[in-house]
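K.L.:
need a structure here:
(chains A and B, ligands or ions: 3)
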Amino acid sequence: MAQVTSIAEEQTSTPLSSSKSITLRISRYNPKHDDSSIFMEFTVPYQKWTTVLEAILDVKKHFDHSVAVRYSCRQATCGSCGMMINGKPRLACFTKISELNSNVITVEPMSNFPIIRDLAVKFERMFDSHHKIKPYLIRDDTELESDAKEFLQSPKEVEQYIQFANCIKCGLCNSACPTMATDSSFVGPQALAQAYRYVADSRDKGKDSRLKMIDEPHGIWRCHFAGSCSQVCPKGVDPAMGIQLLRGYLLGFRS
Amino acid sequence: MRESTIMKIHYGTAIAAVALVAVHVLMRLTQGFAESLEYESVLANYKFVPYAIMLELILVLLSIHGFNGLRVILLELKQGRIYEKAVSYGCLAAMIGLIAYGSRTIIVVNMGLV
Ligand code: HEM
Ligand code: SF4
Ligand code: FES
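P.N.:
Ligands and ions are numbered 1, 2, ... in the order given. A predicted model of the protein is given here:
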């Protein structure tokens, strides 16, 4: 049996021998004992395909394991790794270093979210708002009864909402929204887009209760058409359009 | 009042104001700018009843629109139950105050009390 003389070579997609490198500036902040955030700089090698998340994980592996970052799927599916990358809300696992065209990459926690530590933020407010709009089909009958049939939809009916069903609850839209920045009670583009997703679903019967929920002083009307939510959404959800379509119901253009 | 009702009024007053302000501007174009601000000319405008009614309408529409807009801005600026109540009722009171004061001016001049 071969003798183990050193720790096994780590499998990393960004070998340290890579010829190109960038400066990764990571915002460090622990609200428990820091007055303000500071930036720590690391020189990180990268390849054409290296993502910002991989660069951060490289820093954790080789320089400072205490950097706090939330991630899971690494494939733009779980919605965990949202952060400000060079000033714009993006998914770290879905942003390649090479596409940023910069030798310096600054990562900060998402705006409009309270910071837990470093790059990890609290999602409670967004999840509360999401929960408030009842993100499930509302109707009296169910497909689960023994003799019930599944609720069929035509391709046209699916088209009405399917784009909005792609939301991964990453919060990038809420982070980009200017109203979210000042109005601590605003429902936010994420929840509004999901309200539309269910209201526009032909199987759903909960339209009136959902519309009532968002038709309040800190509801849908506090959107001022900035459109930044749709610009940053990594899943093409277009919350801004969902909000305008929802407004159509409230203004009587749609039923 | 439902927020959607308030916003319907907000958009409605804006559209109506565009039309009425356009008429108002066109009327003013019939005179030179300085001339239109002459004391006698201003009085004459208020005495021309259809025009005075239109000015009154613009006053009402834009007071509603403007103070509701102010309410929206203030609600987004800061949150809190007491603050929000104060903003809503404060804006309503200011709206009524401005409409009352403007209407007084129009009525007083129209009836030749100055
Ligand atoms: C006649 C032309 C006007 C039109 C078409 C118009 C239209 C609008 C619209 C559509 C909004 C809603 C914007 C949003 O929700 O983001 C708005 C908001 C507002 N308007 Fe007007 N408006 C006009 C004139 C005025 C005037 C003369 C005043 C001042 C007395 C005013 C004061 C406001 C304020 C304070 C807001 C709230 C700010 C905001 O929501 O962005 N508007 N207006
Ligand atoms: S709408 Fe887009 S940006 Fe907003 S939470 Fe969903 S996936 Fe993220
Ligand atoms: S790690 Fe899951 S979305 Fe980025």
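
K.L.:
residues near A:Asp238, how many?
P.N.:
22 (other Cβ atoms under 10 Å in any protein chain shown). Bear in mind the C-beta positions are built from the backbone N, C-alpha and C, glycine included.

K.L.:
and what about the most centrally placed residue in chain B, helix, strand or coil?
P.N.:
Taking Cα atoms, centre = their mean, the centroid of chain B lies closest to B:Leu59, which sits 2.5 Å from it. Assigned with DSSP: H, G, I helix; E, B strand; the rest coil, B:Leu59 falls in the helix class.

K.L.:
now do it, the pLDDT please.
P.N.:
Here, the pLDDT recorded for B:Leu59 equals 97.

K.L.:
quick one: contacts of stretch A:77-97?
P.N.:
The list of residues contacting stretch A:77-97 from outside it, by Cβ atoms under 8 Å, 6 or more residues apart in numbering or on different chains, reads A:22, A:46, A:48-56, A:69-76, A:100, A:102, A:105-111, A:119, A:121, A:168-173, A:175-176, A:232, A:234.

K.L.:
what are the phi and psi angles of the residue in chain B positioned nearest to ligand 3?
P.N.:
Nearest to ligand 3, among the residues of chain B, is B:Glu76, at 30.1 Å (Cβ to the nearest ligand atom). With angles defined as degrees, to the nearest 10, B:Glu76 sits at phi -80, psi -20.

K.L.:
related to what we said a few turns ago, report the spatially nearest residue to the residue nearest to the centre of chain B, omitting neighbours in sequence.
P.N.:
B:Gly102 (4.4 Å; Cβ to Cβ, 6 or more residues apart in numbering or on different chains).

K.L.:
then B:Gln31?
P.N.:
With Cβ to Cβ, 6+ apart, the residue lying closest to B:Gln31 is B:Ser41, at 6.7 Å.

K.L.:
the one you found - how many residues pack around it?
P.N.:
Neighbours around B:Ser41, by other Cβ under 10 Å: 14.

K.L.:
element containing it?
P.N.:
Assigned by DSSP states H and E, B:Ser41 belongs to helix B:39-47.

K.L.:
repeat for A:Met84
P.N.:
Counting by DSSP H and E, A:Met84 is part of strand A:82-85.

K.L.:
so what's the gap between that strand and the chain middle?
P.N.:
Centroid separation for strand A:82-85 versus its chain: 9 Å, with Cα atoms, centre = their mean, to the nearest Å.

K.L.:
tell me if the helix or strand following it is near ligand 3.
P.N.:
Remark: after strand A:82-85, the chain's next helix or strand is strand A:88-91, criterion DSSP H and E. Yes: Strand A:88-91 lies within reach of ligand 3 by Cβ under 6 Å from any ligand atom, at A:Leu91.

K.L.:
mind listing what strand A:88-91 pairs with, with the direction of each?
P.N.:
strand A:82-85 (antiparallel) (DSSP bridges).

K.L.:
so which bits of chain B are right by chain A?
P.N.:
B:2-4, B:6-8, B:72, B:75-77, B:79, B:84 (Cβ under 8 Å from any Cβ of the partner chain).

K.L.:
got a PyMOL select line for the buried ones in those?
P.N.:
Buried subset of these, written as a PyMOL selection, criterion 16 or more other Cβ atoms under 10 Å in any protein chain shown:
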select buried, chain B and resi 3+4+6+7+72+75+76+84
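
K.L.:
follow-up on the earlier one: and the strand holding A:Met84, average pLDDT?
P.N.:
98.

K.L.:
anything in it near ligand 2?
P.N.:
No: if you take Cβ under 6 Å from any ligand atom as the test, strand A:82-85 misses ligand 2, and the best it gets is 7.2 Å.

K.L.:
in that strand, what counts as buried?
P.N.:
A:82-85.

K.L.:
closest one of those residues to A:Gly188?
P.N.:
A:Gly82 (13.5 Å; Cβ to Cβ).

K.L.:
which parts of chain A are strands?
P.N.:
A:21-28, A:38-45, A:82-85, A:88-91, A:104-108, A:115-117, A:120-121 (DSSP state E).

K.L.:
could you dump the ones you listed into CSV with distance to A:Gln163 added?
P.N.:
CSV is the format used below for the strands of chain A (distance: least, Cβ to Cβ, whole Å):
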stretch, distance to A:Gln163
strand A:21-28, 33
strand A:38-45, 35
strand A:82-85, 20
strand A:88-91, 18
strand A:104-108, 29
strand A:115-117, 31
strand A:120-121, 26
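
K.L.:
for A:Leu250, find the nearest of these.
P.N.:
Nearest to A:Leu250, of those and by Cβ to Cβ, is strand A:88-91 at 27.6 Å.
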